[in-house]
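S.K.: Give me the fold of what follows.
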Amino acid sequence: ETMRTARLALAACVVVTCVKLLLVPCYRSSDFEVHRNWLAVTHTLPLEQWYYDATSEWTLDYPPIFAFGEWALSQVAALVDPGMVQLSNLGYASAATVLFQRLSVIATDCLFLYALYKYCTAVYGPRADNSTVFMFALAVFNPGLLIVDRTTTTTTTLLLFAAERNADIHFQYNGVLFGWLVLSLWAAERGRDLLSGLTFAVLLNMKHLFLCLVPVYFVYLLRHYCCAPPSAPQKEREDKKPHPSASPLQYFSVARFARTGAVVGSVFALSFGPFVQHLPQLLRRMFPWGRGLCHAYWAPNAWALYNFVDKVLNFVVSHVDPSYTGVAASMSRGTVGVETQVHAVLPTPTPVVTLLLCGLMLLPILVKLWRRPSPEYFTLAIVQSSLSFFFFGWHVHEKAILTTTIPLCLLAGRDARYAAVSFVLSTVGHYSLFPLLFTPAELPIKWLLLLAHTLASYYCLSVRPGLRLNVLEWSLVVGVVLVELFASVVHPILFGAVLPFLPLLVVSVYCATGVCYAYCKLMLM
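M.R.: Reported below is the predicted structural model:
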């Protein structure tokens, strides 16, 4: 069974790689130039100037390990096409450059495929019912990763947003990032806590989006590793069983805590050490201020619903009270500055408010993890934490939904509860990325990707663990079809060029409703 599982998994890898190769000629978004410029920056300039260069508007703003990765790729890129790594070649996109960058994404995805195979075989094992391969294939063929990394462009409003310096989510190396995350989860499943912490530290030094998971990792490693009962012969353990009310802190090991700190700290030292004299500039690049609550296209979270309610209230109040002279809300004008995003009726949230909400929702997650420090609940806490920050966070990117759907997909085969919420969240979450593929030629691509993955998910999760959806969950999934019909067919016929933002609003608000349902259900687990 082990060899059979390996062969089927390899076949799935070959098929998904072929699909990615077919998408190589697809349209390129601004992120393509972002990464080309980073190749040029790291290849041309000395290390101490990487985070100062402003030749292009697409300045380097990822943590150092990712920058080192760009430097390594640039060594090969210079051999493929020297013009690719010339700093002054803004917008350079020769055929060799396009092919190299596309293939580099596919090549680095190998870490994701490897980590997924290790995780699925560790958790599900080789099975005659092919459930291990099913779970592996569902993650490998994740439509969100295919849309985000390979084949997207931007809408007019997103282009307005991009002009303010922020890259969209297209053509990014998300496969290698999630590869490190899954590898970390696999290490936790195997009881290799230090390796789990090490791989997460590497991930954090590649992309700081995963900062929202730091509290979860801290609590888990503290409880599961640093406060683990000391090893002892079976007879001795039975004779010295702790009292049920005993605190796990009585087993706290200073040596283990120091060991954990040394392992994680060494990664940060190697990453940030070369930039120690330039830390203020590096941190300014990584954490720029002045961005608004939402993107021009609202991510499907609490603030999309909040913005929608504000617009409805503004409309109602302005028609009920003739003397009402409220301000015009600017949440859909494509601007991103804090001072330009205001609400008409409801109070305008601040970064502090969103941070407090995220922290408040994180507390019960950490308490439950402390009480149930198993690898399964650790993965669940990762899902809950990432979705909390997605749902209440400040200036959330649409693609951040992948930080929830991918680890949740890994849990889906364990329990019917996980399977149901994963099926719903995967459908509405990946559908929320559809506005990033907006031209008529791209319609069949996104429809086929989501439809195939949804049908495959339903079949695979029905085999194991036994997918069962209630009426509301079926309604949320089927409603996606109706929303897409309105956005792609009805709106162009009825409104033409009028109200161009309406389809985006409808998609965002509908998907936010589905995400809200999934979030509430996850938080009750």
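
S.K.: which stretches of the stretch 301-450 of the chain have low pLDDT?
M.R.: Counting by pLDDT under 70, the stretch 301-450 of the chain has low-confidence residues at 325-341.

S.K.: The same query, at a cut-off of 80, please.
M.R.: For the stretch 301-450 of the chain, the stretches flagged by pLDDT under 80 are 321-341, 436-442.

S.K.: show me where it has strands.
M.R.: All residues of the stretch 301-450 of the chain lie outside strands when identified by DSSP state E, counting those that start in this stretch.

S.K.: Next, please give the residue ranges for the helices of the stretch 351-500 of the chain.
M.R.: Using DSSP state H, counting those that start in this stretch, the helices assigned to the stretch 351-500 of the chain run over residues 351-371, 375-392, 402-411, 416-431, 443-463, 471-485, 491-495.

S.K.: Format the ones you listed as JSON lines; extra columns: mean neighbour count and distance to V264.
M.R.: Every C-beta, even on glycine, is put in place using the N, C-alpha and C of the backbone. Formatted as JSON lines, the helices of the stretch 351-500 of the chain follow (neighbours: other CB atoms under 10 Å; distance: least, CB to CB, whole Å):
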{"stretch": "helix 351-371", "mean neighbour count": "15", "distance to V264": "18"}
{"stretch": "helix 375-392", "mean neighbour count": "24", "distance to V264": "16"}
{"stretch": "helix 402-411", "mean neighbour count": "25", "distance to V264": "20"}
{"stretch": "helix 416-431", "mean neighbour count": "24", "distance to V264": "29"}
{"stretch": "helix 443-463", "mean neighbour count": "17", "distance to V264": "35"}
{"stretch": "helix 471-485", "mean neighbour count": "15", "distance to V264": "39"}
{"stretch": "helix 491-495", "mean neighbour count": "12", "distance to V264": "50"}
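
S.K.: just so I know, which of the ones you listed lies nearest V14?
M.R.: helix 443-463 (16.7 Å; CB to CB).

S.K.: which residues touch the closest one?
M.R.: 26, 129-131, 134-135, 137-138, 141-143, 146-147, 151, 412-413, 419, 422-423, 426-427, 430-431, 434, 437, 467, 477, 484, 488 (CB atoms under 8 Å, 6 or more residues apart in numbering).

S.K.: ditto for stretch 82-100
M.R.: For stretch 82-100, contacts defined as CB under 8 Å, 6+ apart pick out 24, 28, 32-33, 36-37, 39-41, 43-45, 53, 55-56, 74, 76-78, 80-81.

S.K.: What's the local residue count around L10?
M.R.: Around L10 there are 12 other residues, counting by other CB atoms under 10 Å.

S.K.: what's the helix or strand for it?
M.R.: Here L10, judged by DSSP states H and E, is contained in helix 2-22.

S.K.: Show me what that helix is packed up against.
M.R.: If you count contacts as 3 or more CB pairs under 8 Å, 6 or more residues apart in numbering; DSSP states H and E, helix 2-22 packs onto helix 95-108, helix 110-123, helix 131-140.

S.K.: And the lowest mean pLDDT element among the helices and strands of the protein?
M.R.: helix 156-162 (a mean of 29; mean pLDDT, DSSP states H and E).

S.K.: Check which element follows that helix along the chain.
M.R.: Next in sequence after helix 156-162, counting helices and strands by DSSP H and E, comes helix 174-189.

S.K.: quick one, that following helix and helix 95-108 angle?
M.R.: 10 degrees (axes from the mean of the first three to the mean of the last three CA atoms, to 10 degrees).

S.K.: could you point out where this structure is predicted with low confidence?
M.R.: The chain contains residues with pLDDT under 80 at 1-2, 23-30, 125-131, 147-172, 230-246, 288-292, 295-297, 321-341, 436-442, 464-465.

S.K.: 70 - rerun?
M.R.: 1, 27, 127-129, 149-171, 231-246, 289-290, 325-341.

S.K.: how about T55, phi and psi?
M.R.: phi -60, psi -40 (degrees, to the nearest 10).

S.K.: Which residue is the nearest non-sequential neighbour of it?
M.R.: Distance criterion CB to CB, 6 or more residues apart in numbering; nearest residue to T55, sequence neighbours excluded, is L87 at 5.4 Å.

S.K.: Any idea how many residues pack against the one you found?
M.R.: When neighbours are counted by other CB under 10 Å, L87 registers 15.

S.K.: quick one: secondary structure of it?
M.R.: What DSSP: H, G, I helix; E, B strand; the rest coil gives for L87 is coil.

S.K.: show me what contacts D81?
M.R.: D81 sits next to 94, 96-97, 100 when contact means CB under 8 Å, 6+ apart.

S.K.: Just send those back as a markdown table, with distance to A122 too.
M.R.: Compiled in a markdown table, those are given as follows (distance: CB to CB, whole Å):
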| residue | distance to A122 |
| --- | --- |
| S94 | 43 |
| A96 | 40 |
| T97 | 39 |
| F100 | 34 |
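
S.K.: out of those residues, which are buried?
M.R.: 97, 100 (16 or more other CB atoms under 10 Å).

S.K.: Grab the two from the contacts of D81 that are most spread out in space.
M.R.: The largest separation in the contacts of D81, counting by CB to CB, is between S94 and F100 at 9.2 Å.

S.K.: With F68 as the reference, measure out to the residue nearest to T55.
M.R.: 18 Å (CB to CB, to the nearest Å).

S.K.: Equivalent analysis for L502, please.
M.R.: Remark: distance between L502 and F68 (CB to CB) = 44 Å.

S.K.: Among the two, which residue is more densely surrounded?
M.R.: Higher neighbour count among L502 and F68: F68, with 18 against 15, using other CB under 10 Å.

S.K.: Please indicate which of the contacts of stretch 82-100 are buried?
M.R.: Buried among the contacts of stretch 82-100 (16+ other CB under 10 Å): 28, 32-33, 36-37, 39-41, 43-45, 53, 56, 74, 77-78, 80-81.
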